[in-house]
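Visitor: predicted coordinates and the sequence they were generated for:
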Amino acid sequence: MTRLWSLIVLAALASSAFAQTEGWYAFTPDNDPAPGEIGMADWLEKPAGKQGRITGESDKLLYNGKPIKLWGLNLCFGNCAPEKELADKRAAFYPKYGINSVRLHKYADGHGWSGIQAAESSAEFDPEGLDRMDYQVAKFKEAGIFVKLSAHFGTIKIGPADVRGVSYAEEFGRFDGRKNRISCPHSALFYSPELQDLHARQTVNLLRHRNPYTGLSYAEDPAVAVIEIINEQSVLFYTSMGPLQASPTLRKHVAERFSGWLEDKYGSHEKLAEAWSEKAFDSFNSDGFEPVGERLDKRNILPLGNPWYWDPAQLDGSQSFRRRRLLDTLEFLYGLQREAYGRFVEAVRAAGYEGEILGSNWQAGRALSHYANLHTDYEVGMIDRHNYFGGGRRDDKKSFNNASLLSRAGSGTLSSGMQQIVDRPLMLSEWIHCFPNEWDAEGPAVIGAYGMGLQGWDVSYMFQNGDSGGFSPQLGGSTWDVTAPQVLGVFPAVARQVHRGDVRESDVAAVRNVHVPSLFEGKLGFDDQVKQGYDDKELDSSKVSARALAVARVVVDFTPEYRPTPAFDLDRFEQDGVLVSSTGQLRWQEGQTKTDGFFTMNTPGTQAVVGFAEGKSCRMADVNITCDCPYAAVYVTAQGKDETIASAKRLLVVALARARNSGMEYNEAGDVLVAKGKAPVLLEPVKAAIRLRRTDAARVILLDHDGRRTQKTLPIVGGAFGIDGAVDKTPYYLIEFER
């Protein structure tokens with residue numbers, strides 16, 4: 001009864017937390033780019049690429065021979081080519097918050113608001129739009145900010161001038177006066193050399209273009225750190241049959257290639273039929289493919305399938321009658337994807353680009369198709385993935401997932417680490433807690449500590465479409481908002497921790513072995529699970545639990561021969577119900593409800609408590625933090641680049657919890673947004689006691705919302721002081737030692 005009663009009490013407290021905002025204070029920054037006490041612009045070497053290119057070596061990105069972490073955000077569509085005044089504001093504002101890289105995404109997704117494509121061609125550029133993007137890239141470079149190029153959403157859009165290279169374009173649709181584009185189905189790129197040429201030409205034309213503001217071509221400029229081949233695409237995804245349904249020309253060409261591949265493997269139709277069984281032929285009626293009398297000598301056999309068909313449970317169950325056909329199809333399509341990536345890499349290398357390249361960032365089901373898809377990205381270079389958390393339910397636009405990542409270790413966004421490869425850098429180029437999830441301050445905290453720290457990830461780009469070069473004046477203008485006060489507000493602490501390398505990477509590895517040829521025989525060696533909503537994904541595995549992400553480095557190893565995967569012993573890292581990292585620096589107390597749980601960070605440079613830790617006295621090496629509020633992210637971090645808490649003259653305290661618009665309302669359970677409210681944004685006050693172990697005299701100075709000093713101070717008594725956002729009305733404090 002005791003545990004049941006505690007769950008009831010916790011649920012009641014969580015529900016009551018949504019009822020009011022009494023004591024919350026308005027967040028009203030001037031968006032001053034001057035550093036104040038929180039600024040990090042001086043941490044960024046200028047210009048970006050001054051010491052040459054960022055290069056990938058094994059599982060690290062190196063710059064000037066040393067590991068580098070890229071911590072940034074996305075700009076999308078026309079936001080990649082803003083008016084020059086906004087370009088200047090962003091280049092001044094971002095470095096203050098430790099942002100040293102920007103993913104320019106969908107910059108050529110279309111013409112006008114959707115990008116810098118020319119009116120008639122997707123591979124050519126509008127001169128005015130290109131000039132604005134040139135200027136933004138140059139200003140970022142001056143400020144020490146690297147860029148990643150991701151040309152479009154992932155759907156190839158054919159313009160009237162492009163038809164000469166894609167003669168069958170109108171099998172995908174018709175031009176109209178409004179859009180002047182034909183959108184190809186998802187996955188079409190991998191079947192079509194013509195589309196691959198058009199897609200590569202788009203990037204090559206930009207690489208050969210000389211930016212008048214830098215004097216360098218994009219290919220030459222080391223500030224261009226990474227090129228992404230294509231966003232969120234895979235021929236092994238559920239969209240794989242769509243292009244073949246849409247285009248008779250593709251069906252003919254692809255059937256001829258697949259039939260030739262099968263002939264090379266089996267030698268004759270009779271041997272193929274013996275391997276497949278007659279029942280496997282002409283068996284995709286329910287997917288829109290009428291029987292055509294499939295035969296090898298007719299060259300009319302199509303590679304049909306998707307992750308549901310390749311799921312091990314289906315191969316051994318409902319699809320067992322065509323198991324061999326499906327596995328052959330998986331192997332053939334895997335080969336097409338490798339080939340398409342290889343052609344793109346060859347084109348951009350021929351254009352003179354020597355920087356990092358990645359394939360795509362997309363999940364392709366689970367188990368066999370997932371690891372085949374992951375391996376194609378592995379062969380290109382670094383690994384990139386996308387994930388989101390707390391999004392709305394598609395069947396009910398008002399409801400959403402208001403859970404916390406902290407309730408279960410390794411859950412949600414962090415579970416993307418299940419796709420890290422032992423000898424490749426890892427990037428998470430789209431992720432965020434989606435509005436109106438209330439616990440989004442924890443997102444940068446978890447990814448910063450456990451992803452970029454313990455797991456050794458290399459790049460983070462939180463997702464948004466754009467910003468005004470300052471904090472968002474109101475929540476909910478977008479589902480994805482990096483410059484929301486409770487998100488960007490924790491960057492002065494999290495970015496310091498990331499760039500300084502405060503959290504040590506685990507030297508203990510939880511390894512899953514994958515032998516690629518065995519995938520095409522239906523053999524993996526462990527059970528692999530994926531739960532996928534809309535943009536949100538959660539990964540897990542039988543031999544290595546996603547909870548291991550809280551304690552040790554989790555990796556996939558593509559092995560030269562089949563090797564069993566040993567079970568990872570997570571129990572040895574659990575102490576009194578707390579998951580303790582192999583480094584000893586991170587401790588994760590999982591929750592009993594969906595809004596419960598917290599972690600602590602204890603490193604020389606940063607010590608913190610994040611989550612639902614009310615009443616818990618958290619002892620670290622240099623500070624004790626006791627929160628007197630239900631939820632908070634409280635950081636104590638050394639101000640300087642090469643400093644520690646024990647030696648720094650100044651320490652920053654960053655304390656944030658939830659944020660709401662004025663008049664914003666939720667239902668009692670907190671999972672339905674009743675009223676969106678309006679500006680200004682209100683911050684939930686954080687109340688905590690902080691005790692310093694240092695004995696030298698110090699004072700605590702309240703900083704304003706731009707991190708500038710005020711005249712207000714807090715007394716330190718016996719090395720301890722209290723913060724109370726309801727009284728102090730700020731998330732930022734400076735501890736200044738007098739020696």
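Guide: Alright, I've got the coordinates.
Visitor: so which residues of the stretch 601-739 of the chain form helices?
Guide: For the stretch 601-739 of the chain, helices defined by DSSP state H, counting those that start in this stretch occupy the ranges 725-728.
Visitor: how about low-confidence regions in it?
Guide: 739 (pLDDT under 70).
Visitor: quick one: the strands in the stretch 201-350 of the chain?
Guide: All strands of the stretch 201-350 of the chain, identified by DSSP state E, counting those that start in this stretch, fall at 224-228.
Visitor: neighbours around residue 399, how many?
Guide: 15 (other C-beta atoms under 10 Å). (Each C-beta comes from the backbone N, C-alpha and C, glycine too.)
Visitor: an error on my part: the question was meant for residue 256.
Guide: 13.
Visitor: wait, what's in contact with the nearest residue to it once chain neighbours are set aside?
Guide: Nearest residue to residue 256, sequence neighbours excluded (C-beta to C-beta, 6 or more residues apart in numbering): residue 299, at 4.8 Å. Counting by C-beta atoms under 8 Å, 6 or more residues apart in numbering, residue 299 makes contact with 255, 256, 259, 260.
Visitor: okay, now the unreliable bits of the stretch 251-400 of the chain?
Guide: The stretch 251-400 of the chain contains residues with pLDDT under 70 at 392-398.
Visitor: among the contacts of residue 299, which one has the most neighbours?
Guide: residue 259 (22 neighbours).
Visitor: hang on, it packs against residue 300?
Guide: Yes. Residue 259 lies in contact with residue 300 (C-beta atoms under 8 Å); the separation is 7.0 Å.
Visitor: which parts of the stretch 51-200 of the chain are helices?
Guide: Remark: helices assigned in the stretch 51-200 of the chain by DSSP H, counting those that start in this stretch are 84-93, 127-142, 193-208.
Visitor: hmm, who's touching the last one?
Guide: This means helix 193-208. Helix 193-208 is contacted from outside by 108, 122-125, 149, 151-152, 156, 158, 162, 165-167, 184, 188-189, 217-219, 227, 230, 340, 343-344, 347-348, 350-353, using C-beta under 8 Å, 6+ apart.
Visitor: so how far is stretch 226-245 off the chain centroid?
Guide: Here stretch 226-245 is found 18 Å from its chain centre; the criterion is C-alpha atoms, centre = their mean, to the nearest Å.
Visitor: list the buried ones in it?
Guide: Applying a neighbour-count criterion of 16 or more other C-beta atoms under 10 Å, one finds 226-244 buried in stretch 226-245.
Visitor: and if you look at stretch 590-597?
Guide: Buried, per 16+ other C-beta under 10 Å, within stretch 590-597: 590, 591, 593, 594, 595, 596, 597.
Visitor: one more: stretch 640-658?
Guide: Applying a neighbour-count criterion of 16+ other C-beta under 10 Å, one finds 640, 643-645, 648, 651-658 buried in stretch 640-658.
Visitor: with stretch 365-380 instead?
Guide: Residues 365-378, 380 are the ones in stretch 365-380 that count as buried (16+ other C-beta under 10 Å).
Visitor: on that earlier part again, backbone phi and psi for the residue nearest to residue 256, please?
Guide: Main-chain torsions, residue 299, degrees, to the nearest 10: phi 50, psi 40.
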